[in-house]
Structures are given as C-alpha cells and as structure tokens.
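In: compute the structure for the input listed below.
(2 chains)
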Protein chains: 2
Amino acid sequence: MAKISQRFSQTVAPTGTTFVVGILDTDICGPSQPRVMGVRGEMVHNSGSGWSPVYVTDNLSLMSIGFLLGRPDDAVIWRGPKKNGMIKQFLTEVDWGELDYLLIDTPPGTSDEHISAVQYLRATGLTGALVVTTPQEVSLLDVRKELQFCEKLNVPVIGVIENMSLFVCPNCKTRSEIFPATTGGAAQMCKDLSVPMLGSLPLDPILARCCDDGRDFLAELPASPAVTALKDIVDSQ
Amino acid sequence: MAKISQRFSQTVAPTGTTFVVGILDTDICGPSQPRVMGVRGEMVHNSGSGWSPVYVTDNLSLMSIGFLLGRPDDAVIWRGPKKNGMIKQFLTEVDWGELDYLLIDTPPGTSDEHISAVQYLRATGLTGALVVTTPQEVSLLDVRKELQFCEKLNVPVIGVIENMSLFVCPNCKTRSEIFPATTGGAAQMCKDLSVPMLGSLPLDPILARCCDDGRDFLAELPASPAVTALKDIVDSQ
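Out: Model (predicted):
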C-alpha cells in the first residue's frame, strides 16, 4: 500500500535511536525492491529457522521473490492463490529476527496481495497503511478505493503522501505540474475523506536514477527539495 | 498490457477508413477508462443479447466494471477468481456487435487478468500485445517479465511504446529526462529482446489533464509533440 524511500526511517528518522526494519516486497509479479535497495543479485539462504532475508544494512533487511528467480527477467506467471501462498510463506517462514517495523510494500489495488497481508497479519495487528498517490484524478480514483479498503478491513490509515507533485526546471527554475491536480490533488482528497495528508514530494530525476541504481538518495543529494520534503514528513510524525 | 490514447486509432489512424473498436477495461480494482474516455457516470444496460457497452462515439464502445459500481469510489475487494469471473463475463456476455478491434486494457503484471484474457481468447486468436513502459529500469524490469509472459503464452508482441520519455520546459524549452533511461530505456530493451520499438512519447501535462477530464487530447492540442509522436507510431504500422 506504500512506496517510499524505505531507507529513510533508518537513516534520518531517529535522533540517536536506531530502528530495526524489515521490508517485505509483496509485488510477486513485479518485484523491484532488490534493485531499488541496491541488493539485486543477492541470494536468500535457508537455515533451520527459515529463510534469511537479505540485509541491506545491519538494521535493514529485505525479502522479495526477486531473490528467488533464476534470472532477474524471469516472469512469475501466477494466479492469486499461488501469490497468496508465497506471501504467507514470506510472513511465516522468513527469519526476520526482532524487528521494530515490518514495512510491507504492495502493488496498487485492493486484491489478493492486500487482502492476504491484512488477513495473515490480523492476529499480530497492523500499525496502519501509508498510502502513496500522484496528484492526478486518475490516480486518486484508485487511491480512494484503497482508502475504502482500509476502512472496510479496519486498517488504520497513517496518512497519504503525494508523490511527483511538481517539477522544477533545472535551467530556469520554472515550476511545472507535470501530473496536474485537476481535482485538488491529495490534499483535497484527504480533506474530503478525513485522512491525514502527510506531505508532497516534488519530482527529482536524481531520485529516479538512485532507485534504478540502488544508490542512497539521501547520501547522493541531501540538498534536494525531495529530501527536505521527506524529512518534513518524518519530523511531523 | 497496454495503455495508449484509445481514441487514437479511431480518430487519426485510418485515411478514409473508419474502424469499429471496443475497449475492455480489465483493471477490476482500479478501472480508469470511464473517466479517461469521458463517459463516467454512464450506465450499462442489459438486454436480451447481453450487456450493452457504453458508446463513446458511434464506432468506439467501452466496457468497464466502473460502470457497475454504485459510487465511483467504491472499492472492489476481490481476489483473483472473482476478477477472472468478471473478465469472462465481459468477454462472453457483452453485446459488442461487429468489431474490427477489441482493445483489452490490463493493469501491469503477469497474473490473473493477463492469464485470463489470453486463455479466454485463445480460440478466437489474439492479434498481439502492445506493451507500454516508462524509460527507467524499475519499469523495464517489469516489462521484460511481461514480454516473457507473451513469449511463454505465444502472444505475438506488436511492439513497445515508451511513455513519459522527456519533458520540455514550457518556459525555457530545456529538455529534462524526468525518468532517466539509466539502462538505455525501451530502445535498448527492444534491441536486446528483438521486439519492435514503436516510438517514444514525451510528457505533456495537457495530456494528463485531458485524461483526468475525459477530453480528447487530439482535438485539444493537435500541435503537441506527444500527438506528433503518436501519429508517427500509427503511420509506421
């Protein structure tokens, strides 16, 4: 239900505190976390206590079907029940160790991956959903359904983050709404539905480049307005 | 497997010829076609010969679960089998009439919607898949899997279109790669996998605006470089 720079909580959120965070990539047919987190090509190992996730840093681990494919381009042509089985295995057979947070990255939608994650974790208790959108109505249309999903399944909504809000020309500094907020964007939606609006992130091509290369955006470009916006979101929590 | 301005074939493709085109929106949990095509709020009717699709123009019809929802924001919280049942119904119980083309718009991935569409239409024969990507590697990573899906299920690939390739600043005309092609973009992928590269579409905020408002982009901004790029793709076929 959320795509956000997952290294963020680990790197800038705590002042003095270090959290131990696990990331579960439930996008079974399109796993991108291994690349984004800079650990593609790593292998997961199976020990007596289950599968070991891949450690991005000492306190940040990741599990994704991407680690189980023979080749990175291999298609996973699976219907829902097989995807659900895999998600259940990730939740029950991965030796995550002691975690402060398990971040579950889902594809968009309100179907198998989402229902399964909520159902399998029902007994444990979910902290909540962090919902990411872009400003256009065609995106908000889907996100409103995801918010209704949360309401129906009693998943608290931590808040909404608007991504790709603006683009500032690197040459003349003109601000362009590449994906125009024709119906008021995430802010208006949050107001209408009484859910917290956490903040807006501007488009930064270097962020996209870091995701592709698995590099740490915060280290690469700490002065980017996107980093400032992310920090503001974290500080507000 | 494809998102493209669907009015296009009808409006500019033929010189003198008029095709009759149906669009089936198989994005059951996030149907956006009714809004994009400017027919949201329309109702589908059930007659003796099945459901009637909604007519966008005389020769362009659309069927989407969006027409069946009580309210546009209603979530469809369905697992795979229910989604498959709906897709089957759309293919067997909609009175499409005589069509030259049925365009099936799918969400990203290689799962229920895609397997079902191919399986249910196997006997009829599929012309092929039109695959749309953005230039970044995190997008190409998924698209390579979709191309492998086509190969494994014997679906011919008509070609790949790269969307959101460039942004030209409206003020100073600086060209920015907002989603940088860090691994060579769609062109390099098509070369590697020997599939046709049909063309690249630049980002145009007015196109996004037209999608949100259901307005005809070709009529609104015929001089946009995105329209020229689309025309070039059509002319090349």
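
In: now do stretch A:69-88: distance from first to last residue.
Out: Using C-alpha to C-alpha, to the nearest Å, the end-to-end distance of stretch A:69-88 comes to 18 Å.

In: now that stretch: buried residues?
Out: For stretch A:69-88, burial by neighbour count (16 or more other C-beta atoms under 10 Å in any protein chain shown) applies to A:Asp73, A:Ala75, A:Val76, A:Ile77, A:Trp78, A:Arg79, A:Gly80, A:Lys83, A:Asn84, A:Met86, A:Ile87. (C-beta placed from N, C-alpha, C; glycine too.)

In: now narrow those to whatever sits close to chain B.
Out: A:Asp73, A:Ala75, A:Val76, A:Ile77, A:Trp78, A:Arg79, A:Gly80, A:Lys83, A:Asn84 (C-beta under 8 Å from any C-beta of the partner chain).

In: my read: the third one touches A:Gly66, true?
Out: No: in this structure, A:Val76 is not within contact of A:Gly66 by C-beta atoms under 8 Å, at 9.5 Å.

In: quick one, helices of chain A?
Out: Per DSSP state H, chain A carries helices over the ranges A:7-11, A:33-36, A:80-92, A:112-120, A:137-152, A:185-193, A:205-213, A:217-220, A:225-236.

In: of all the ones you listed, which lies closest to B:Leu207?
Out: Distance to B:Leu207, taken as C-beta to C-beta, is lowest for helix A:137-152 among these, at 11.3 Å.

In: and the contacts of that closest one?
Out: A:1, A:108-110, A:114, A:129, A:131, A:133, A:155-157, A:160, A:179, A:182-183, A:185-186, A:189, A:193, A:195, B:29-30, B:32, B:35-36, B:72-77, B:211-212 (C-beta atoms under 8 Å, 6 or more residues apart in numbering or on different chains).

In: which of these are buried?
Out: Buried among the contacts of helix A:137-152 (16+ other C-beta under 10 Å): A:1, A:108-110, A:114, A:129, A:131, A:133, A:155, A:157, A:160, A:179, A:182-183, A:185-186, A:189, A:195, B:29-30, B:32, B:35-36, B:73, B:75-77, B:211-212.

In: cross those residues against strands and list the overlap.
Out: Of the buried ones among the contacts of helix A:137-152, the ones assigned to strands by DSSP state E are A:Ala129, A:Val131, A:Thr133, A:Val157, A:Val160.

In: with respect to pLDDT, which of the ones next to chain B among the buried residues of stretch A:69-88 ranks lowest?
Out: Within the set of these, pLDDT is lowest for A:Asp73 (91).

In: pick the most buried one from the helices of chain A.
Out: Highest mean neighbour count among those (mean count of other C-beta atoms under 10 Å in any protein chain shown): helix A:33-36, with a mean of 25.

In: tell me which other helices or strands that one touches.
Out: Applying 3 or more C-beta pairs under 8 Å, 6 or more residues apart in numbering or on different chains; DSSP states H and E, one finds that helix A:33-36 contacts strand A:21-25, helix A:205-213, helix B:137-152.

In: could you redo the last one with a cut-off of 10 Å?
Out: strand A:21-25, strand A:54-57, strand A:60-63, strand A:101-105, helix A:205-213, helix B:137-152 (3 or more C-beta pairs under 10 Å, 6 or more residues apart in numbering or on different chains; DSSP states H and E).

In: so can I have TSV of these showing distance to B:Ala229?
Out: Formatted as TSV, the helices and strands packed on helix A:33-36 follow (distance: least, C-beta to C-beta, whole Å):
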stretch	distance to B:Ala229
strand A:21-25	34
strand A:54-57	39
strand A:60-63	38
strand A:101-105	33
helix A:205-213	20
helix B:137-152	18
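
In: and of the ones you listed, who's closest to A:Gln237?
Out: strand A:101-105 (12.3 Å).

In: select, out of the helices and strands packed on helix A:33-36, the one closest to B:Ser52.
Out: So among these, helix B:137-152 is nearest, using C-beta to C-beta, at 31.4 Å.

In: can you check what angle separates the closest one from helix B:112-120?
Out: When axes from the mean of the first three to the mean of the last three C-alpha atoms, to 10 degrees is applied, the directions of helix B:137-152 and helix B:112-120 differ by 20 degrees.

In: where's the residue of chain A found nearest chain B relative to A:Phe149, distance?
Out: Proximity of chain A to chain B (C-beta to the nearest C-beta) peaks at A:Gly80, 2.7 Å away. A:Gly80 is 16 Å from A:Phe149, where distance means C-beta to C-beta, to the nearest Å.

In: burial check on A:Ile23, number of neighbours?
Out: As a burial measure, A:Ile23 scores 22 neighbours (other C-beta atoms under 10 Å in any protein chain shown).
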